[in-house]
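Engineer: With the sequence up front, the predicted model follows.
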Amino acid sequence: MSFNGYTIIDGDGHVIEDCQAIIDYMPQSYRDKYDTHSFFNPFPPLDHLHSSNLHDFQPGAFNKVGPDGWVDFLEDVGIETTVLYTTLGLAFGKIVSRDWAIDVARAYNDWLYNTYMKRSPRFKGMGLIPLQEPDGAVAELRRLVKDLGMCGAMLPSTGIQANLADPRFWPIYEEANRLGCAIAIHGGAHENLGLDDLSPYAPVHALGHPFVQMISFGGLLFNGIFDKFPNVKFGFMEGGVAWFLLCLERFDRSWETHIQRDPRKRFLELRPKEKVSEYIARHVDAGRVFVGCEGEEPDIAHAIKRIGNKPWVFSSDYPHEVNNEFCKHEIGELLENEAISAADKAAFLHGNARSFYNLGAPGL
């Protein structure tokens, strides 16, 4: 299975949830409620910006494809494996009931495993964990990796009322460090970012994804999380490449001109004369930081030149926004880019995803 001779691993595909099926994995009290209230939903809404706003998509985008439709997509495009993320669960951070968060995460993970991962070994999963209850999140992370064979967990970039570097989440990273698994931050809910009254929707989508990645990355970076938990592989999905370049530029000067008092050694520690951008490059080279992107970004060649080929992970985002032909076009654009070497293309299209998600030996 290949695309023009290149092995392709999709590092960020999506499922369209079957809420009834997920409810069926939840305790009886939830199932009873679902039977009598048609508005009952295991997940909160993403935001008001996704709603009451009419715009068209690429033909076939956001189709409610199930596992059979996903297999057809993989076969048609020539993708070896896909790593599947939630859709409705991108709003998971907005759940305020801790018990609800625990029950929904467990049910979603069971549904994803039984519906997709048992359907085909080409489906890999990134599960949900209840950040609202860190002890429960630790237990669920261990279960979804050890018992269900998932690659790791997705953390919502918004909704949780704390930066992802907050010490309350450190037990989760300690467990991920023991497991050596992937932790991916994913955008999708765009409210409370200064975009709440912006119209039309296109700039909300364009800005919302990179904004939340810069915030999440900045928090984890400057609080020294990459050093504290060196076996965790952090991914920042669906924001493209430009936000990462902005961080490389802006973080250097800001850290040099705003010298943080740190008597308790809480923040990142640079080596003598090391810049923040060099610190980031060191962690990229060590396989701790990954960035999801589609391949058509006009600055991808410059990004590879700037930071190397190790962080970039090809992401289809199917079935969000794209159809088969659109995805083929994006892969084709990367392959036709003469400014990118064959080794860089192989890293982008499958090698880095194998590393990030611990998927085993390289393909051909």
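Structural biologist: Thanks, I have the structure now.
Engineer: burial measure for residue 303, as a count.
Structural biologist: Number of residues near residue 303 (other CB atoms under 10 Å) recorded here: 21. (Each C-beta comes from the backbone N, C-alpha and C, glycine too.)
Engineer: For the residue lying closest to it once chain neighbours are set aside, give me phi and psi.
Structural biologist: Excluding the flanking residues, the one nearest residue 303 by CB to CB, 6 or more residues apart in numbering is residue 241, at 4.3 Å. Backbone torsions for residue 241, taken as degrees, to the nearest 10, come to phi -110, psi -30.
Engineer: So for residue 241, what's the pLDDT?
Structural biologist: pLDDT recorded at residue 241 is 96.
Engineer: Could you work out the end-to-end span of stretch 182-201 for me?
Structural biologist: 31 Å (CA to CA, to the nearest Å).
Engineer: All further residue positions should be reported with the first residue as 763.
Structural biologist: Sure thing, new numbering starts at 763, so read that last one as stretch 944-963.
Engineer: What are the buried residues along it?
Structural biologist: Residues 944-953, 955, 957, 963 are the ones in stretch 944-963 that count as buried (16 or more other CB atoms under 10 Å).
Engineer: How about stretch 1053-1068?
Structural biologist: 1053, 1054, 1055, 1056, 1057, 1059, 1062, 1063, 1065, 1066.
Engineer: Please, where are all the strands along the protein?
Structural biologist: Applying DSSP state E to the chain gives strands spanning 771-776, 843-847, 885-890, 914-918, 944-948, 995-999, 1051-1055, 1074-1076.
Engineer: Tell me, how many residues neighbour the closest residue to residue 908 other than its chain neighbours?
Structural biologist: Nearest residue to residue 908, sequence neighbours excluded (CB to CB, 6+ apart): residue 941, at 7.5 Å. Residue 941: 19 surrounding residues under other CB under 10 Å.
Engineer: same deal with residue 794?
Structural biologist: Around residue 794 there are 11 other residues, counting by other CB under 10 Å.
Engineer: And it, how far from residue 861?
Structural biologist: Residue 794 sits 16 Å away from residue 861, going by CB to CB, to the nearest Å.
Engineer: Might you list the low-confidence residue ranges for the stretch 813-962 of the chain?
Structural biologist: 823 (pLDDT under 70).
Engineer: at 90 instead, please
Structural biologist: For the stretch 813-962 of the chain, the stretches with pLDDT under 90 are 813-827, 919-924, 949-959.
Engineer: ok, and for stretch 911-927, which residues are buried?
Structural biologist: Buried positions in stretch 911-927, judged by neighbour count with 16+ other CB under 10 Å: 912-922, 926-927.
Engineer: Need the CA coordinates for it. PDB is fine.
Structural biologist: C-alpha atoms of stretch 911-927 as PDB (Å, rounded to 0.1, in the frame of the first residue of the first chain):
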ATOM      1  CA  GLY A 911      -3.400  -1.000  22.500                       C
ATOM      2  CA  MET A 912      -3.900   2.700  21.700                       C
ATOM      3  CA  CYS A 913      -1.000   5.000  20.800                       C
ATOM      4  CA  GLY A 914      -1.800   7.400  23.600                       C
ATOM      5  CA  ALA A 915      -4.200  10.200  24.500                       C
ATOM      6  CA  MET A 916      -5.500  13.400  23.000                       C
ATOM      7  CA  LEU A 917      -5.700  16.500  25.300                       C
ATOM      8  CA  PRO A 918      -8.200  19.200  24.300                       C
ATOM      9  CA  SER A 919      -6.400  22.600  23.900                       C
ATOM     10  CA  THR A 920      -9.300  24.600  25.300                       C
ATOM     11  CA  GLY A 921     -12.000  24.200  27.900                       C
ATOM     12  CA  ILE A 922     -10.000  23.000  30.800                       C
ATOM     13  CA  GLN A 923      -9.600  26.000  33.200                       C
ATOM     14  CA  ALA A 924      -5.800  25.600  33.500                       C
ATOM     15  CA  ASN A 925      -2.800  25.600  31.300                       C
ATOM     16  CA  LEU A 926      -1.800  22.100  30.300                       C
ATOM     17  CA  ALA A 927       1.500  22.600  32.100                       C
END
